[in-house]
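>>> structure of the sequence below:
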Amino acid sequence: MSYVEMPGAKVPIRMWTDPAAVEEVALQQLRNVATLPWIKGLAVMPDVHYGKGATVGSVIAMQGAVCPAAVGVDIGCGMSAVKTSLTANDLPGDLSRLRSKIEQAIPVGRGMHDDPVEPGDFHGLATAGWGEFWGRFDGVADAVKFREGRAHQQMGTLGSGNHYIELLFDFEGCVWLTLHSGSRNIGKELAEHHIGVAQKLPHNQGLVDRDLAVFVADTPQMVAYRNDLFWAQEYAKYNRTLMMALLKDVIRKEFKKAKPAFEPEISCHHNYVAEERYEGRDLLVTRKGAIRAGSGEFGIIPGSMGTSSYIVKGLGNEKAFNSASHGAGRRMSRNAAKRHFTVRDLEEQTRGVECRKDSGVLDEIPGAYKNIDQVMEQQHDLVQVVAKLKQFLCVKG
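Down below sits the predicted model:
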């Protein structure tokens, strides 16, 4: 589908989905965002759903302002994917050992490495910029509070919630590796710190929703937030890079005979801010649950732990600020999913997938998410499908 427009106070709300299918609380959030004095555009992806302040699945373009709650607390959350030379013929009949080896190599949930993982530990992994990145740690807000040791030890770890590692087949039978994670606890603490600062600023006192508090250009608060924001986005990128290196290491050890080879990595943020130019204006574009889909740019759009994922190329649709959805999007909250589904439902919906099948991941059941194939149909003018993938192994936090 092409987009439909809803009227907004300052800008129209461009929606790549049927507004009638969006819950009213999410629609109200979109109307609220459209009232912000600094807004220059608002694009809504087909995976849109209710979030804190701003909906997940929205692209907010502002001039001279940025809303930290519209980025979210998992700054730089995103995905990485790698195609391998492995095929189904290389796999063992029982995948439980492989899942166990991955979980041993990459801490999940609140876990962290006993000792920091360094890029120099992995053959062929670029180390340029690593020292400079950590050298800027003391410049982030309340750096002592965040404890550099903890930030180091969580680098290369998965986290919990909807974060995951998957092995998947494409329709040619090739094995892909994908993972989903962000800036871990340090990103969360930075986000919460700056959201609190923004909410106290005088220019934010008359907003319709205090969670839409913004920083404005040429202020010390904006300078501090941008510094920490871009640092946390780098942290998320490095975190995924190290996890992928750890995952490849497991694959090499477990499939020595096959001598697996790996194609170049695809990586994309889907909770972040970028400086971009549209219609002659320099804008700060916030993608909360959306990926950049500039012309020819690769991206990853996953479903859920029992459905398909997609590797895509962007079509460069400027009406959507060169964006696309970040996944299927939730159709019910975590608590609602736990009330509605049983572990038996989870077992049925993840049949054929080596993964956890217990109450601890019931809120991630595929039935709690929208239909990924329908989501893809709704954004045919935003992305071109390169590969459709189906997982056979999933590691959850």
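>>> can we go C-alpha only for contacts and neighbour counts from here?
OK.
>>> neighbours around the closest residue in space to Met305 that isn't next to it in sequence, how many?
Computed as Cα to Cα, 6 or more residues apart in numbering, the closest residue to Met305 that is not its neighbour in sequence is Pro366, at 6.1 Å. Counted by other Cα atoms under 10 Å, the residues lying close to Pro366 total 21.
>>> and Pro366, how far from Leu283?
Separation of Pro366 from Leu283 (Cα to Cα, to the nearest Å) stands at 36 Å.
>>> contacts for stretch 233-243?
When contacts are taken as Cα atoms under 8 Å, 6 or more residues apart in numbering, the neighbours of stretch 233-243 outside the stretch itself are 75-80, 106, 117, 119, 133, 155-158, 179-184, 269, 272.
>>> quick one, what contacts the closest residue to Tyr50 other than its chain neighbours?
If you skip the residues right next to it in sequence, Tyr50 has Ala26 as its closest partner in space, 4.6 Å away by Cα to Cα, 6+ apart. Ala26 makes contact with 48-51, 55, according to Cα under 8 Å, 6+ apart.
>>> ok so Ala26 is a strand residue?
No. For Ala26, which was evaluated using DSSP: H, G, I helix; E, B strand; the rest coil, the result is helix, with no strand membership.
>>> from Cys394, how far off is it?
Distance of Ala26 to Cys394, given as Cα to Cα: 30 Å.
>>> identify the residue spatially nearest to Leu27, adjacent ones excluded.
In space, not counting the residues next to it along the chain, Leu27 is nearest to Pro19; the distance is 7.8 Å by Cα to Cα, 6+ apart.
>>> how many residues are close by that neighbour?
Count around Pro19 with other Cα under 10 Å applied: 17.
>>> quick check: phi and psi on it?
Geometry field for Pro19 lists phi and psi as phi -50, psi -30, criterion degrees, to the nearest 10.
>>> also Glu354?
Glu354 has phi and psi values of phi -80, psi 110 when expressed as degrees, to the nearest 10.
>>> again with Asp249
The phi and psi torsions at Asp249 (degrees, to the nearest 10) take the values phi -60, psi -40.
>>> can you tell me how far it is from Tyr310?
In terms of Cα to Cα, Asp249 sits 24 Å off from Tyr310.
>>> also Ile300?
Taken as Cα to Cα, the spacing of Ile300 relative to Tyr310 amounts to 6 Å.
>>> secondary structure element for Lys338?
Assigning secondary structure by DSSP states H and E places Lys338 in helix 334-340.
>>> how distant is the following helix or strand past that helix from the center of its chain?
Where DSSP H and E defines the elements, the next helix or strand beyond helix 334-340 is helix 343-349. Mean C-alpha position of helix 343-349 versus that of the full chain (Cα atoms, centre = their mean, to the nearest Å) differs by 25 Å.
>>> in whichever helix or strand comes after helix 343-349, what counts as buried?
Under the assignment DSSP H and E, the closest C-terminal helix or strand after helix 343-349 is helix 372-377. Residues of helix 372-377 classed as buried by neighbour count (16 or more other Cα atoms under 10 Å): 372, 375-376.
>>> would a markdown table of those with pLDDT and distance to Gly206 be doable?
As requested, these are arranged in a markdown table below (pLDDT from 0 to 100; distance: Cα to Cα, whole Å):
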| residue | pLDDT | distance to Gly206 |
| --- | --- | --- |
| Ile372 | 97 | 38 |
| Val375 | 97 | 36 |
| Met376 | 98 | 38 |
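>>> any idea which of the residues you listed is closest to Arg277?
Nearest to Arg277 among the buried residues of helix 372-377 is Met376, at 26.3 Å by Cα to Cα.
>>> quick one: low-confidence ranges for the protein?
Low-confidence segments of the chain (pLDDT under 70): 1, 142-147.
>>> okay, helices next: where are they in it?
Counting by DSSP state H, the chain has helices at residues 24-33, 68-71, 96-105, 130-135, 143-146, 148-154, 184-199, 220-254, 334-340, 343-349, 372-377.
>>> most tightly packed of the ones you listed?
Sort the helices of the chain by mean neighbour count, taking mean count of other Cα atoms under 10 Å, and helix 68-71 sits at the top with a mean of 28.
>>> elements contacting that helix?
For helix 68-71, the contact count by 3 or more Cα pairs under 8 Å, 6 or more residues apart in numbering; DSSP states H and E identifies helix 184-199, strand 271-278, strand 281-288 as packing neighbours.
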